[in-house]
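J.: I would like to see how this sequence folds:
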Amino acid sequence: MSDKSDLKALVEQPFDLLKELERRSRIAVAGKGTGALPSEWVGIGFRIGQEQFVANRNQVREVLMLPEAMTRVPGAKRWVLGIANLRGHLLPLVDVKMMFGSGRTSLRRITRVISVNHREIPAGLVVDEVLGFRRFVDSEFTKTWPQTAIRCDRFLSGAYQRGQDVWPIFGLYDLIESNAFLQAAAE
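T.: Now for the predicted structure:
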């Protein structure tokens with residue numbers, strides 16, 4: 001289907017019409033006239049302090065509200081906020097901003113916990129805000145990103161840029177598998 005008359009033929013089939021419009025939109029966004037769909041990368045956008053990041057959606061189990069009750073862990077570093085019972089599972093909660101030495105995350109109504117989808121290391125990362133799904137095409141990927149204020153560059157692996165917005169890719173697995181994260185006992 002290539003012209004307006006083809007779309008008119010789909011008026012009585014709304015679902016097929018929407019599918020065709022989506023297909024055409026994806027082609028237009030990718031700047032391709034070949035009819036092939038651009039490959040898409042989907043992540044979860046979140047904010048730490050004033051900076052926005054995106055994590056691969058496969059590394060996120062779920063996004064949770066900050067629990068009302070947490071049990072403090074004696075002898076743990078200050079950035080370990082405690083352990084919470086979430087749906088019958090104990091999940092350590094970590095203030096990511098504090099871990100990077102950028103101050104404490106303000107615990108507000110929009111504060112969220114990102115439950116990391118890791119087989120061996122359960123972790124809930126407390127962030128200022130979760131911004132929802134973010135979808136990008138390959139042409140928006142860049143290997144460079146602006147320097148971050150919270151000093152987390154060692155956990156970044158590129159960025160997606162759309163207009164003036166830059167979304168550094170934050171490796172959640174890289175963070176929770178790092179020695180700094182695993183050594184949570186206070187000195």
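J.: per the record, what domains does the protein have?
T.: Domain assignment for the chain, taken from automatic domain parsing, gives 1-38, 40-182.
J.: weakest of those domains by average pLDDT?
T.: Sorting those by mean pLDDT places domain 1-38 lowest, at a mean of 70.
J.: mind listing the helices for the protein?
T.: Applying DSSP state H to the chain gives helices spanning 4-9, 14-30, 96-99, 172-176, 179-182.
J.: Pick the most deeply packed of those.
T.: Across the helices of the chain, averaging neighbours per residue (mean count of other Cβ atoms under 10 Å) puts helix 96-99 on top, at a mean of 22. To be clear about C-beta, it is placed using only N, CA and C from the backbone, and glycine gets the same treatment.
J.: quick one: that one to chain centroid distance?
T.: Between the centre of helix 96-99 and the centre of its chain there are 16 Å (Cα atoms, centre = their mean, to the nearest Å).
J.: same check, this time on stretch 136-155
T.: 13 Å.
J.: First residue to last residue on it, what's the distance there?
T.: Start-to-end span of stretch 136-155 (Cα to Cα, to the nearest Å) is 20 Å.
J.: Going by neighbour count, which residues in it are buried?
T.: F136, V137, E140, W145, T148, I150, C152, F155 (16 or more other Cβ atoms under 10 Å).
J.: Tell me the bridge partners for the residue nearest the centre of the chain.
T.: By Cα atoms, centre = their mean, the mean C-alpha position of the chain lies nearest to I44, the distance being 2.8 Å. Using DSSP bridges, the beta-bridge partners of I44 come out as A55, F133.
J.: mind checking how far it is from K143?
T.: According to Cβ to Cβ, to the nearest Å, I44 and K143 sit 21 Å apart.
J.: again, but for L175
T.: For L175, the distance to K143 (Cβ to Cβ) stands at 20 Å.
J.: got it, and P122?
T.: 31 Å.
J.: Burial check on E51, number of neighbours?
T.: Residues lying near E51 (other Cβ atoms under 10 Å) number 18.
J.: let me fix that: A159
T.: The tally of other residues near A159 (other Cβ under 10 Å) stands at 21.
J.: likewise R108?
T.: The number of residues packed near R108 is 9, by other Cβ under 10 Å.
J.: Apart from its chain neighbours, what residue comes closest to it?
T.: What sits nearest to R108 in space, not counting adjacent residues and going by Cβ to Cβ, 6 or more residues apart in numbering, is D128, at 8.0 Å.
J.: The one you found: what's it in contact with?
T.: D128 sits next to F46, R47, I48, G49, K97, T105, S106, R108, I110, T111 when contact means Cβ atoms under 8 Å, 6 or more residues apart in numbering.
J.: and it, how far is that from E12?
T.: Applying Cβ to Cβ, the value for D128 to E12 is 48 Å.
J.: Equivalent analysis for K77, please.
T.: 63 Å.
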